[in-house]
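# this one's sequence-less:
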């Protein structure tokens with residue numbers, strides 16, 4: 001299970017409240033969202049990973065799955081997974097930070113599964129900005145002329161300091177252990193807004209992860225999500241703790257399509273270890289329509 005605390009909240013001086021979600025339904029209010037179930041025990045590669053609606057819509061779709069091997073001469077099976085996330089605040093609402101966590105587990109008790117690679121590993125900066133600030137400080141100074149003098153000289157001093165600060169939206173990706181036991185089975189990504197502009201995080205994020213295994217048995221992915229929103233959004237109880245979404249079930253066997261097969265799943269790539277995951281992914285702050293309908 002995820003180590004994220006799915007029930008805690010905290011605030012800060014900027015009116016931002018942390019809301020930790022384990023992919024929970026929004027509590028049943030009108031328009032608040034719903035729990036995503038697997039249709040059956042053999043509902044493999046569920047396309048609708050997550051849907052949450054309300055003051056902020058959060059959506060995740062399973063865009064691509066490729067089952068194969070790390071390389072032609074490797075004894076490790078592999079699966080490439082691409083997910084598309086959308087974050088859509090309404091009106092003046094915003095998400096200042098969002099963290100995605102994918103926890104992978106083997107289908108059998110003795111199975112071995114490992115997160116080999118993820119897109120956007122390390123920390124990246126997006127849409128950097130520069131801001132210049134000038135501060136002037138001053139005061140009056142009086143000088144006496146001579147020990148017995150009967151007049152003074154008064155002057156005014158000023159000190160001007162100009163500082164230039166840079167900031168940016170940041171995206172950080174990482175691989176982590178579960179309870180400090182190898183191998184890495186958790187993939188995470190964190191999007192943080194530009195702290196100077198405070199305009200929220202990008203509207204969409206496409207991520208990819210490559211996992212390897214020692215068998216061709218089915219395996220599972222459990223999602224967790226943590227976001228920081230404005231206090232007004234959090235006060236509406238947008239995200240309440242209720243039963244979690246079902247894990248995504250991955251089935252590497254090409255002959256077991258299961259219930260409602262996902263058309264975006266392929267099989268047989270024997271060199272997945274050579275794929276550059278960053279080439280498959282992107283971040284979009286906002287999509288602008290430049291050739292809309294004319295009247």
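Arrived safely, thanks for sending. Quantities reported herein were computed from a predicted structural model and do not represent experimental measurements. Residues are numbered from 1 along each chain as shown.

# Confirm that residue 169 sits in a strand.
Yes. Residue 169: assigned to a strand according to DSSP: H, G, I helix; E, B strand; the rest coil.

# My guess is it contacts residue 196. True?
No. Using CB atoms under 8 Å, residue 169 makes no contact with residue 196, being 10.5 Å away. Quick note: C-beta positions are derived from backbone N, CA and C, even for glycine.

# The two: which is more packed in?
Comparing residue 169 with residue 196 by neighbour count (other CB atoms under 10 Å), the higher total belongs to residue 169, at 22 against 13.

# which residues does the more buried one contact?
Contacts of residue 169 were listed using CB atoms under 8 Å, 6 or more residues apart in numbering, and they are 125-127, 191-194, 201-202, 285.

# What sits closest to it if chain neighbours are left out?
residue 126 (4.2 Å; CB to CB, 6 or more residues apart in numbering).

# From residue 207, how far out is the one you found?
Residue 126 is 14 Å from residue 207, where distance means CB to CB, to the nearest Å.

# So between those two, which is more surrounded?
The residue with more neighbours, out of residue 126 and residue 207, is residue 207; 26 against 15, by other CB under 10 Å.

# now the strand or helix carrying that one, how far from the centre of its chain.
Using DSSP states H and E, the element containing residue 207 is strand 204-213. Averaging C-alpha positions (CA atoms, centre = their mean, to the nearest Å) puts strand 204-213 12 Å from its chain's average.

# ditto for stretch 58-67
From the chain centre to the centre of stretch 58-67 is a distance of 14 Å (CA atoms, centre = their mean).

# quick one: contacts of it?
45-52, 77-88, 206, 223, 225, 227, 248, 250, 252, 254, 262, 264-269, 272, 280.

# if you set the cut-off to 7 Å instead, what comes out?
45-52, 79-87, 248, 250, 252, 262, 264-267, 269, 272 (CB atoms under 7 Å, 6 or more residues apart in numbering).

# returning to that earlier point: I'd say the residue nearest to residue 169 and residue 167 touch.
No. At 11.0 Å, residue 126 does not count as touching residue 167 under the criterion of CB atoms under 7 Å.

# returning to that earlier point: past the strand holding residue 207, which element shows up next along the chain?
Trace forward from strand 204-213 with DSSP H and E and the next one is strand 219-230.

# quick one: that next one to chain centroid distance?
The mean C-alpha position of strand 219-230 is separated from the chain mean by 8 Å, CA atoms, centre = their mean.

# Give me the mean pLDDT for that strand.
Averaged across strand 219-230, the pLDDT comes to 85.

# Report the buried residues of it.
By neighbour count on 16 or more other CB atoms under 10 Å, the buried set for strand 219-230 is 219, 221-230.

# Please apply the same query to stretch 200-220.
Residues of stretch 200-220 classed as buried: 200-213, 215, 217-219 (neighbour count, 16+ other CB under 10 Å).

# Need the distance between the two termini of that stretch.
Using CA to CA, to the nearest Å, the end-to-end distance of stretch 200-220 comes to 32 Å.

# where does the nearest residue to residue 137 once chain neighbours are set aside land on pLDDT?
Nearest residue to residue 137 in three dimensions, chain neighbours excluded: residue 159, at 5.1 Å (CB to CB, 6+ apart). On pLDDT, residue 159 comes in at 70.

# Name the next helix or strand following the host helix or strand of residue 159 along the chain.
In this assignment (DSSP H and E), residue 159 forms part of strand 152-178. Sequence order places strand 181-192 as the next helix or strand after strand 152-178, per DSSP H and E.

# Mind giving me the packing neighbours of that next one?
strand 95-106, strand 113-118, strand 152-178, strand 204-213 (3 or more CB pairs under 7 Å, 6 or more residues apart in numbering; DSSP states H and E).

# export those strands to TSV and tack on distance to residue 62?
Formatted as TSV, the helices and strands packed on strand 181-192 follow (distance: least, CB to CB, whole Å):
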stretch	distance to residue 62
strand 95-106	11
strand 113-118	16
strand 152-178	18
strand 204-213	11
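
# Many thanks, have a good one.
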